[in-house]
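>>> fold the following.
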Amino acid sequence: MSAPATVPERKLTIGLMFAVCVQLAAGFIWAGSIAARIEALERSSNTYQADHVLLARLETRVEAIGDQLDRIEARLEVEP
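Residues are numbered from 1 along each chain as shown. I've put the predicted structure just below:
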């Protein structure tokens, strides 16, 4: 008769469980930091969007003032 085949035992060692827990914790910390970075970028993006709107309004006003000055200059040149 042949000898019975030995099957290696598969055990979860404490070291392996500890390593998996550490990896999971690091993953959660990394995900939290990414979320904080995205939130900060969204806040700064909103600030820049507000600045763009303000600059567009100012540009429109400056153009209107330039048009008014052109009309005033034209009137002054026509009159003696």
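>>> state the pLDDT value of the residue nearest the centre of the chain.
When the chain is reduced to its mean C-alpha position, the closest residue under Cα atoms, centre = their mean turns out to be Leu41, at 3.2 Å. Leu41 is assigned a predicted lDDT (pLDDT) of 88.
>>> any idea which element it lies in?
When elements are assigned from DSSP states H and E, Leu41 belongs to helix 14-78.
>>> that helix packs against which elements?
For helix 14-78, the packing partners by 3 or more Cβ pairs under 8 Å, 6 or more residues apart in numbering; DSSP states H and E come out as none at all, with no helix or strand in contact. All C-beta atoms are positioned from the backbone trio N, CA, C, and that covers glycine.
>>> neighbours around Glu73, how many?
Glu73 has 10 neighbouring residues, counting by other Cβ atoms under 10 Å.
>>> can you check Asn46 too?
Counted with other Cβ under 10 Å, residues neighbouring Asn46 total 10.
>>> and for the one 10 residues further on?
Summarising burial for Ala56: neighbours were counted as other Cβ under 10 Å, giving 10.
>>> before we move on, what about Ile72?
A count of neighbours around Ile72, defined by other Cβ under 10 Å, yields 10.
>>> again with Gln49
Burial measure for Gln49: 10 neighbouring residues, criterion other Cβ under 10 Å.
>>> one more: Glu42?
A count of nearby residues for Glu42, using other Cβ under 10 Å, gives 10.
>>> could you look up the SS state of Thr6?
Following DSSP: H, G, I helix; E, B strand; the rest coil, we place Thr6 in the coil state.
>>> what's the spacing between it and Val78?
When Cβ to Cβ, to the nearest Å is the yardstick, Thr6 and Val78 sit 111 Å from each other.
>>> can you check Ala40 too?
In this structure, Ala40 and Val78 are 58 Å apart, going by Cβ to Cβ.
>>> any idea how many residues pack against Gly15?
For Gly15, the count of nearby residues is 8 (other Cβ under 10 Å).
>>> quick check: pLDDT value at it.
Residue-level confidence at Gly15 comes out at 86, pLDDT.
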